[in-house]
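**Q** model this:
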Amino acid sequence: MADSVTIRQKLGEEGYRSLCTAALTLPGNNARLHSAFSAGQVRIAFLGGSVTAGCLDNAYVPEAFPLLAVQRLRRYMPRKRLFLYDFSISGTGSDYGLVCTQRELALCRPQVVVVEYSVNDARTPESVGCFESLIRTLLQLPGEPAVCLLLVETENGYSCRDHMTRIAAHYGLPVVDAAAALQNAIRAGKLTWSDYAADSAHPHQEGHRWLGDCLYGGLEHALSRPADAPAALPVDFAYHAPFTGLELLPLESLDTPYACLSGEDGLPMLLHTGEHGGTAEIPLWCSGVVLVYRQYASHAYGTMYASLDGKEPVPLRGYSLFGWGNPVTVLLPTGEKPGKHILRLTPAECDRKLKFELAALGIWGGQRKESY
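**A** The predicted structure is shown next:
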């Protein structure tokens, strides 16, 4: 828990403002931000994991940084109507961000998107490819929204700062590296980790207040400068972006033995049960498949196996001691070139009568089933 002295009180007003200013490590091209905030109504969406969601010791902070930053923006520009859309979910990374962008962000048509996956992503080539694919997908949404990165890290210093900052620089995105500013203050003896977080990763309420001020400061700085000339989307990649063309397939149109109904989020899902279940074989033309399933801490949920073209099956475990209906994303690549493949979903032999929820099925580098 934070002590009774806040970060602002420890540093003083000038020191606090300096720390927030230091968090903006890359100003980026502000043309899209100026365009977004020129409208009378501005829709601001957030993508991230448990930090963005405000998770804290099996609970949530009263006010997480997305709300605090937007509240400050509302005071900064009182004549505008700012709408907050928070799509953050604990435990998710940019692979799920890609799915969420297709399923939900496209519907709310945000003008600004803040992305925070720096502690949930990995440093593997696949994860880097997911993140750059997410950035390219966001920049190509209808309305061409402005995209901003917020970087955090764990107490032991884990962060995907290096590749995310390089990708941001390649696409001209502003970066608010709150983690770097915080660590500099800690090394200088001005702050401690407990001034910001209640555990090794999750900020407490005072930490969220500081994150919100850092994000607000970065956006305010961008809007206070004259607008840059609009920049075209780069043709080349910073690393690689193989999942940019991710397309979600309508679950209700797939030929499976599973029941199709609405999930808790109101979106379609496929439900395997003892009455509606068995093996499904789905023909696809693609370079790879993405599956999103839900995981519960209930023995009513079992394991399904997913395989492409009879290759080694991947377990999709519907039961986890720590599950709470959270989405889990799995990528099944097939190769560089698109082709015809068979996705096979099979329940574990001992779990044939148990439940399993498939929340999304998508492909990249190919076409829908009915297109070939």
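**Q** Out of the helices and strands in the protein, which is least certain?
**A** Scoring the helices and strands of the chain by mean pLDDT, DSSP states H and E places helix 106-108 at the bottom, with a mean of 85.
**Q** contacting residues around it?
**A** Around helix 106-108, the neighbours that count as contacts under C-beta atoms under 8 Å, 6 or more residues apart in numbering are 43, 45, 85, 141-142. Every C-beta, even on glycine, is put in place using the N, C-alpha and C of the backbone.
**Q** Point out the least confident one among those.
**A** Least confident by pLDDT among the contacts of helix 106-108: that is Pro142, with 92.
**Q** distance of the closest residue to it other than its chain neighbours from Gly15?
**A** Leaving aside its chain neighbours, Pro142 sits nearest to Arg109 (6.0 Å; criterion: C-beta to C-beta, 6 or more residues apart in numbering). In this view, Arg109 and Gly15 are 40 Å apart by C-beta to C-beta, to the nearest Å.
**Q** next one: Leu107
**A** Distance from Leu107 to Gly15, by C-beta to C-beta: 42 Å.
**Q** Which one's more surrounded, these two?
**A** A side-by-side neighbour count of Leu107 and Gly15, using other C-beta atoms under 10 Å, places Gly15 first with 15 against 9.
**Q** ok, then the element right after the host helix or strand of that one?
**A** Under DSSP states H and E, the secondary-structure element containing Gly15 is helix 7-22. Next in sequence after helix 7-22, counting helices and strands by DSSP H and E, comes strand 24-26.
**Q** how about that following strand: buried residues?
**A** Neighbour-count burial for strand 24-26 flags 24-26 (criterion: 16 or more other C-beta atoms under 10 Å).
**Q** so where's the stretch 1-150 of the chain shaky on pLDDT?
**A** Along the stretch 1-150 of the chain, segments meeting pLDDT under 70 span 1-4.
**Q** try it again with 50
**A** For the stretch 1-150 of the chain, the stretches with pLDDT under 50 are 1-3.
**Q** What are the boundaries of the helices in it?
**A** Listed in chain order, the helices found in the stretch 1-150 of the chain under DSSP state H, counting those that start in this stretch are 7-22, 31-37, 50-53, 65-76, 94-100, 106-108, 125-139.
**Q** Can you tell me the closest non-neighbouring residue to Ser50?
**A** Once its chain neighbours are removed from consideration, Ser50 has its nearest residue in Ser90; the separation is 3.7 Å (C-beta to C-beta, 6+ apart).
**Q** and that neighbour, how many neighbours does it have?
**A** As a burial measure, Ser90 scores 17 neighbours (other C-beta under 10 Å).
**Q** That one touches Gly54, doesn't it?
**A** No: counting by C-beta atoms under 8 Å, no contact exists between Ser90 and Gly54, whose distance comes to 9.4 Å.
**Q** how near is Leu73 to Trp324?
**A** The span separating Leu73 from Trp324 equals 31 Å under the rule C-beta to C-beta.
**Q** In the stretch 201-350 of the chain, mark out all the helices, start to finish.
**A** Going by DSSP H, counting those that start in this stretch, the stretch 201-350 of the chain shows helices at 205-224.
**Q** which residues in it form strands?
**A** All strands of the stretch 201-350 of the chain, identified by DSSP state E, counting those that start in this stretch, fall at 247-248, 259-262, 268-272, 280-286, 288-296, 303-308, 314-317, 324-333, 339-347.
**Q** Asp199 is nearest to which of the ones you listed?
**A** Taking C-beta to C-beta, strand 324-333 is the member of those nearest to Asp199, at 18.0 Å.
**Q** Report the contact partners of Gly318.
**A** Per C-beta under 8 Å, 6+ apart, neighbours of Gly318: 293-296, 301-304, 351, 354-357.
**Q** And it, how close does it get to Glu126?
**A** 23 Å.
**Q** Then Arg43?
**A** Taken as C-beta to C-beta, the spacing of Arg43 relative to Glu126 amounts to 31 Å.
**Q** who's more crowded, these two?
**A** Set side by side, Arg43 and Glu126 give different neighbour counts by other C-beta under 10 Å, the larger being at Arg43 (20 against 14).
**Q** Quick check: the more buried one touching Arg109?
**A** Yes: between Arg43 and Arg109 there is a contact at 6.6 Å, judged by C-beta under 8 Å.
**Q** Mutual contacts of the two, please.
**A** Shared contacts of Arg43 and Arg109, counting by C-beta under 8 Å, 6+ apart, come down to nothing at all.
**Q** Wait, Tyr117 touches Ser94, no?
**A** Yes: with contact defined as C-beta under 8 Å, Tyr117 counts as touching Ser94 (4.7 Å).
**Q** Report the set of residues contacting both of these two.
**A** Going by C-beta under 8 Å, 6+ apart, residues that sit against Tyr117 and also against Ser94 are 47, 131.
**Q** picking up where we left off before, most neighbours of all the contacts of helix 106-108, which one?
**A** Counting by other C-beta under 10 Å, Ala45 has the largest number of neighbours within those, with 27 neighbours.
**Q** so who does the closest residue to Phe356 other than its chain neighbours touch?
**A** Leaving aside its sequence neighbours, Phe356 sits nearest to His272 (C-beta to C-beta, 6+ apart; 4.0 Å). Shown here is His272, whose contacts under the criterion C-beta under 8 Å, 6+ apart are 258, 304, 347, 355-358.
**Q** which pair in these spans the largest distance?
**A** Pro347 and Glu357 (12.6 Å).
**Q** What are the contacting residues of stretch 161-177?
**A** For stretch 161-177, the external contacting residues (C-beta under 8 Å, 6+ apart) are 23-30, 33, 117-118, 121, 123, 128, 131-132, 135-136, 139, 147-151, 153, 179-180, 214-215, 217-219, 222, 231, 233-234, 237-239.
**Q** Try it again at 6 Å.
**A** With contact meaning C-beta atoms under 6 Å, 6 or more residues apart in numbering, stretch 161-177 is reached by 23-29, 118, 128, 132, 135, 147-151, 214-215, 218, 222, 231, 238.
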